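Asks: with the sequence up front, the predicted model follows.
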Amino acid sequence: MKAIVLENPLIKHKLSIIRDKNTGTKEFREIIGEIATFLCYEAMSDAVLEETEIETPICKTKVQKLNEDKYAFVPILRAGTGMLDGLVKSIPNAKIGHVGLYRNEETLKPVRYYYKMPKDIANREVIVLDPMLATGGSAIDTITMLKEDGVKKIKFLCIISAPEGLKKLEEVHPDVQIYTASIDEKLNDIGYIVPGLGDAGDRVFGTK
Ligand code: PRP
Ligand code: URA
């Protein structure tokens, strides 16, 4: 499946703020959450709704509702948790799993340190969150673990992606729809996205 890129001018404007190295932690975190909400709306555009009857102040009517119990969000620690608020606002009853991974800075390979999913994860559509898709290693390993747990439908939401990581993720997990706010130029020789926004985890949590 080809990645879906959000082309909205407001998103481009928000990206211009978080790319700027002078943007502080508070604003960075707020905008990561806002863009995550936009990505969530896009990712839900194929959602199947259920018809139900309600009463407006005027009359009875049939409405279309989302069954929120069918979804789970899985942020990749740490930076993915910065996107979580933006999604929970939209689908408050989704369950949440966590995957802890960090990249070994020499090999660029993801190292797993935590994995905790809701018990019924195999029966849910899972939306994986990480602001950065660089080499693709973290996203690929997370999705592999979810598939080993029996998950059938997975979407991946990221704010900035590198062409190298996108290609690899599409090759290894062709059934996973990717949503991104930008496809940047390339990776540099230490695995950072160019122009990118730097280290997303450090910028969300103010650790550098
Ligand atoms: C960052 C980012 C992704 C990963 C992307 O996490 O949030 O998880 O790198 O790189 P990849 O596509 O090459 O795997 P990092 O390892 O810096 O951990 P952190 O979120 O704890 O800072
Ligand atoms: N992880 C980040 O946080 N930033 C990058 O540019 C690449 C990986």
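Replies: Everything's here; your move. For clarity, every value in this text was computed on a predicted model and none was experimentally measured. Ligands and ions are numbered 1, 2, ... in the order given.

Asks: find the closest residue to ligand 1 in this structure.
Replies: Residue nearest to ligand 1 within the chain: Gly201 (2.3 Å; C-beta to the nearest ligand atom). Quick note: C-beta positions are derived from backbone N, CA and C, even for glycine.

Asks: do I have it right that that residue meets Thr207?
Replies: Yes - the criterion here is C-beta atoms under 8 Å, and Gly201 meets it with Thr207 at 7.1 Å.

Asks: these two: who's more crowded?
Replies: Gly201 (21 against 10; other C-beta atoms under 10 Å).

Asks: now do the same contact list for the nearest residue to Lys116 once chain neighbours are set aside.
Replies: The shortest distance from Lys116 to any residue other than its chain neighbours is 5.3 Å, reached at His98 (C-beta to C-beta, 6 or more residues apart in numbering). For His98, the contact set (C-beta atoms under 8 Å, 6 or more residues apart in numbering) comprises 74-75, 77, 81, 114-116.

Asks: which parts of the chain sit against ligand 2?
Replies: For the chain, the contact set with ligand 2 under C-beta under 6 Å from any ligand atom comprises 79, 132, 134, 192-193, 196, 199-201.

Asks: and the contacts of stretch 188-204?
Replies: For stretch 188-204, contacts defined as C-beta under 8 Å, 6+ apart pick out 18-19, 21, 25, 28-29, 32, 78-79, 81-82, 103, 105, 108, 131-132, 134-135, 159-162, 184-187, 207-208.

Asks: okay, now that stretch: how far is its last residue from its first?
Replies: By C-alpha to C-alpha, to the nearest Å, the extent of stretch 188-204 from end to end equals 21 Å.
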